[in-house]
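J.: Just to be clear, the model below is a prediction. Sequence and coordinates:
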Amino acid sequence: MPDQPRVEFRTSPDRYRHWRLVTEGPVATLTMDVDEQGGIVPGYDLKLNSYDLGVDIELYDAVQRLRFEHPEVRTVVLTSGKPKIFCAGANIRMLAASPHGWKVNFCKFTNETRNGIEDATAHSGQTYLAAVNGTASGGGYELALACEHIMLVDDRSSAVSLPELPLLGVLPGTGGLTRVSDKRHVRRDLADYFSTKAEGIGGKKAVQWRLVDEAVPRPRWDETVAERAAELAARSSRPHDAEGVALTALNKTRDDDAITYDHVEARLDRDAGKVDISVKSPQNDPPASLAEDPKTRSAQFWPLAVTRELDDLILDLRTNETELGTWVFRTEGDPALVLAYDELVLAGANAGDWFANEVLHYLKRTLRRLDVTSRSLIAAIEPGSCFAGSLLELALAADRSFQLAGVFEDADPDAEPATITLGDINLGPLTMSNGLTRLQTRFWGDEAGYEAAVKRKRDPLEAEDAADLGLITFAPDDIDWDEEIRIATEERASFSPDALTGLEANYRFAGPETMETKIFGRLSAWQNWIFNRPNAAGPDGALRRFGTGQRAVFDRKRV
């Protein structure tokens with residue numbers, strides 16, 4: 001594969017090459033019509049509505065815009081613009097030629113986008129309906145699996161399939177196996193047969209096995225899709241007359257050493273293999289309510305603006321800067337203002353305000369993206385920091401956190417000591433993939449520790465108290481501060497990145513298993529391993545030989 005260009009995740013509907021988005025009252029239609037010559041990297045054709053990262057970047061943008069810019073939309077019909085093919089899944093030529101890291105990051109982003117579709121159905125009142133008007137295979141069926149309701153055209157040729165194992169020697173990498181069993185509740189033996197039958201299953205059998213919800217004859221297809229979309233829309237609580245919020249272009253500056261936005265800045269230290277990330281608090285007091293100031297409902301609203309910037313930064317660094325393995329988070333500003341904006345959003349969401357609800361869930365999804373990112377995360381809590389409420393989540397997400405005990409005597413002896421502050425937002429809405437808050441996950445199995453921390457809600461906690469409560473890892477003084485941070489980052493850079501990825505993925509998700517933790521855990525472990533094996537990615541492996549007319553040569557040992 002040619003050298004990958006620097007990937008840009010910012011886009012808009014007027015720049016789409018692969019999707020068409022049309023809204024008609026409460027129903028939006030999102031049509032996949034992939035430009036065969038529109039690959040994000042040259043060297044392959046996107047035939048049969050197969051997709052690459054560029055296709056999914058547009059899909060992610062469309063899902064986000066539907067939630068914020070179209071509050072009137074209650075049902076999203078996901079369908080294909082090509083005859084007799086819904087989607088052939090991830091492009092095989094692209095996968096076969098891509099470096100290992102590209103494949104894994106591609107699968108991760110694709111699955112996060114599928115999770116966003118499910119989150120919109122569960123929390124935004126925008127129900128996704130998959131109108132599978134032709135064969136859906138591999139990632140194409142996984143796209144349908146992300147939707148709440150799946151309709152398959154019954155024309156004796158269209159089918160759904162997960163052919164990765166028999167044809168490619170890999171697994172459905174964006175959650176296909178897990179969604180079949182845990183979401184669709186397909187019986188284990190039937191799921192096993194289905195996942196080894198390359199041609200898939202269609203018609204009434206697909207319905208009987210719960211692979212789809214209904215099979216519709218082609219003559220009644222358009223009529224039935226419209227009926228079902230209307231039925232799903234009627235169940236939604238989305239507002240009829242609200243005005244959408246335009247997701248205007250981010251103000252972003254990017255060069256080899258820095259990535260800068262209005263509220264977030266990242267300094268790239270290539271020699272040390274790390275990124276220093278700084279997040280700024282809002283500068284002004286919030287209005288008394290979201291209804292009081294119409295200007296609040298805009299992309300410049302601090303909680304939405306800072307979340308968009310963090311989201312874009314995570315994606316940029318994760319995809320384009322794979323050798324910068326340690327991210328050090330700092331914050332700057334007034335913690336009281338952070339808490340005030342948190343309370344404004346929470347009050348709006350609790351009162352049923354659609355915009356506040358969207359902002360809250362977007363922050364939740366962005367923090368989850370951080371959780372599943374294979375980078376070592378360190379929080380440095382210093383005087384002038386604002387690790388409070390929503391921004392405290394960055395420290396709670398970190399693998400280690402350091403809070404300065406006292407102040408930097410030589411630099412500013414009169415400064416206020418660094419504090420952290422728990423708020424209501426830390427106690428419920430911002431759940432991780434395991435269904436628990438980061439605070440609950442931190443104190444998993446230690447109910448007394450959790451309750452002790454919650455009792456100090458709203459109290460600005462200096463380093464000693466924060467350490468006693470178990471809310472930070474270490475509290476060095478100013479004499480040891482620089483050395484402690486240096487040792488932590490240099491030590492991280494000396495370890496095997498593969499082993500660190502496994503370590504972090506294990507420790508970040510204590511507690512119950514969910515469909516989402518299974519998907520990302522299996523992606524990090526099973527698919528990561530399979531992608532590296534010669535049976536899939538070697539010169540004689542299934543991925544390499546697919547479409548050549550030659551059979552793959554397998555090492556038959558089971559390990």
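T.: Arrived safely. Numbers count the residues shown, from 1 in each chain.
J.: can you pull the contacts of Val180?
T.: Shown in contact with Val180 (Cβ atoms under 8 Å, 6 or more residues apart in numbering): Leu145, Leu162, Val186, Ala191, Phe194, Ser195, Leu211. Yep, even glycine has a C-beta here, placed from its N, CA and C like the rest.
J.: Which helix or strand in this protein has the lowest average pLDDT?
T.: The weakest-scoring helix or strand in the chain, judged by mean pLDDT, DSSP states H and E, is helix 528-532 (a mean of 81).
J.: Which residues does that helix contact?
T.: With Cβ under 8 Å, 6+ apart, helix 528-532 has contacts from His100, Lys103, Val104, Gly169, Val170, Leu171, Thr501, Ala536, Ala537.
J.: nearest spatial neighbour of the second one, skipping sequence neighbours?
T.: Read that as Lys103. Distances taken as Cβ to Cβ, 6 or more residues apart in numbering put Phe531 closest to Lys103, at 5.3 Å, once the chain neighbours are dropped.
J.: how many other residues sit next to that neighbour?
T.: 22 (other Cβ atoms under 10 Å).
J.: what does Glu231 give?
T.: Neighbour tally, Glu231, other Cβ under 10 Å: 13.
J.: A helix includes it, no?
T.: Yes - assessed by DSSP: H, G, I helix; E, B strand; the rest coil, Glu231 belongs to a helix.
J.: That one and Ala130: what is the separation?
T.: According to Cβ to Cβ, to the nearest Å, Glu231 stands 15 Å off from Ala130.
J.: Same question for Thr366.
T.: As judged by Cβ to Cβ, Thr366 and Ala130 stand 25 Å apart.
J.: Next: Leu304.
T.: 29 Å.
J.: Strands of the stretch 1-150 of the chain, start to end?
T.: All strands of the stretch 1-150 of the chain, identified by DSSP state E, counting those that start in this stretch, fall at 19-24, 27-32, 75-80, 84-87, 127-132, 134-137, 149-154.
J.: Just put the ones you listed in CSV and tack on mean pLDDT and distance to Phe443.
T.: Formatted as CSV, these follow (pLDDT from 0 to 100; distance: least, Cβ to Cβ, whole Å):
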stretch, mean pLDDT, distance to Phe443
strand 19-24, 98, 43
strand 27-32, 98, 41
strand 75-80, 98, 38
strand 84-87, 96, 43
strand 127-132, 98, 35
strand 134-137, 98, 43
strand 149-154, 98, 39
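J.: Serialize the ones you listed to TSV and add fields for mean neighbour count.
T.: Formatted as TSV, the strands of the stretch 1-150 of the chain follow (neighbours: other Cβ atoms under 10 Å):
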stretch	mean neighbour count
strand 19-24	14
strand 27-32	20
strand 75-80	25
strand 84-87	23
strand 127-132	26
strand 134-137	26
strand 149-154	24
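J.: ok, the contacts of helix 528-532 vs Thr224, which is closest?
T.: Distances from these to Thr224 were compared by Cβ to Cβ; the smallest belongs to Leu171, at 32.9 Å.
J.: Look at Glu292 and say how many residues are nearby.
T.: The number of residues packed around Glu292, counting by other Cβ under 10 Å, is 11.
J.: right, and the strands of the stretch 1-150 of the chain - which one's nearest Ala395?
T.: strand 127-132 (34.1 Å).
J.: quick revisit: pull out the buried members of the contacts of helix 528-532.
T.: Among these, those classed as buried by 16 or more other Cβ atoms under 10 Å are Lys103, Val104, Gly169, Val170, Leu171, Thr501, Ala536, Ala537.
J.: now, the most widely separated pair of those?
T.: Farthest apart among the buried ones among the contacts of helix 528-532 by Cβ to Cβ are Gly169 and Thr501. That separation is 22.2 Å.
J.: Show residues contacting stretch 536-552.
T.: 92-93, 95-96, 100, 167-170, 530-531, 533-535, 553-554.
J.: Sorry, slip of the keys, the one I care about is stretch 33-48.
T.: For stretch 33-48, the surrounding residues in contact (Cβ under 8 Å, 6+ apart) are 1-2, 4-5, 7, 17-20, 49-55, 57, 80-82, 85, 87-88, 91, 93-94, 97.
J.: Straight-line length of it, end to end?
T.: Distance between the two ends of stretch 33-48: 9 Å, counting by Cα to Cα, to the nearest Å.
J.: Tell me what Ser401 is bridged to.
T.: Beta-bridge partners recorded for Ser401 (DSSP bridges): Ala379.
J.: Test my guess that it contacts Leu377.
T.: No - if you go by Cβ atoms under 8 Å, Ser401 and Leu377 don't touch, sitting 9.1 Å apart.
J.: more neighbours, those two?
T.: More crowded of Ser401 and Leu377, by other Cβ under 10 Å: Ser401, with 25 against 22.
J.: For Arg210, see how far away the more buried one is.
T.: Ser401 is 44 Å from Arg210, by Cβ to Cβ.
J.: returning to that earlier point: could you list the buried residues of the least confident helix or strand of the chain?
T.: With burial defined by 16+ other Cβ under 10 Å, the residues of helix 528-532 counted as buried are Asn528, Ile530, Phe531.
J.: can you redo those residues as JSON lines with distance to Asp276?
T.: Shown next, in JSON lines, are these (distance: Cβ to Cβ, whole Å):
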{"residue": "Asn528", "distance to Asp276": "28"}
{"residue": "Ile530", "distance to Asp276": "35"}
{"residue": "Phe531", "distance to Asp276": "31"}
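J.: circling back: among the contacts of stretch 33-48, which are located in helices?
T.: When those are checked against helices (DSSP state H), the matches are Leu53, Gly54, Val55, Ile57, Arg93, Met94, Ala97.
J.: Looking at those, which is nearest Arg179?
T.: The closest of those, once distances to Arg179 are taken by Cβ to Cβ, is Val55, at 19.7 Å.
J.: What segments of the stretch 151-300 of the chain are helices?
T.: 176-178, 188-194, 203-208, 221-234 (DSSP state H, counting those that start in this stretch).
J.: try the stretch 351-500 of the chain
T.: In the stretch 351-500 of the chain, the helices defined using DSSP H, counting those that start in this stretch lie at 354-371, 392-397, 438-442, 447-455, 463-468, 481-494, 497-507.
J.: Could you name the helices and strands sitting against the longest one?
T.: Helix 354-371 is packed against helix 53-69, helix 100-123, helix 302-320, helix 335-350, helix 392-397, with contacts defined by 3 or more Cβ pairs under 8 Å, 6 or more residues apart in numbering; DSSP states H and E.
J.: at 7 Å instead, please
T.: helix 100-123, helix 302-320, helix 335-350, helix 392-397 (3 or more Cβ pairs under 7 Å, 6 or more residues apart in numbering; DSSP states H and E).
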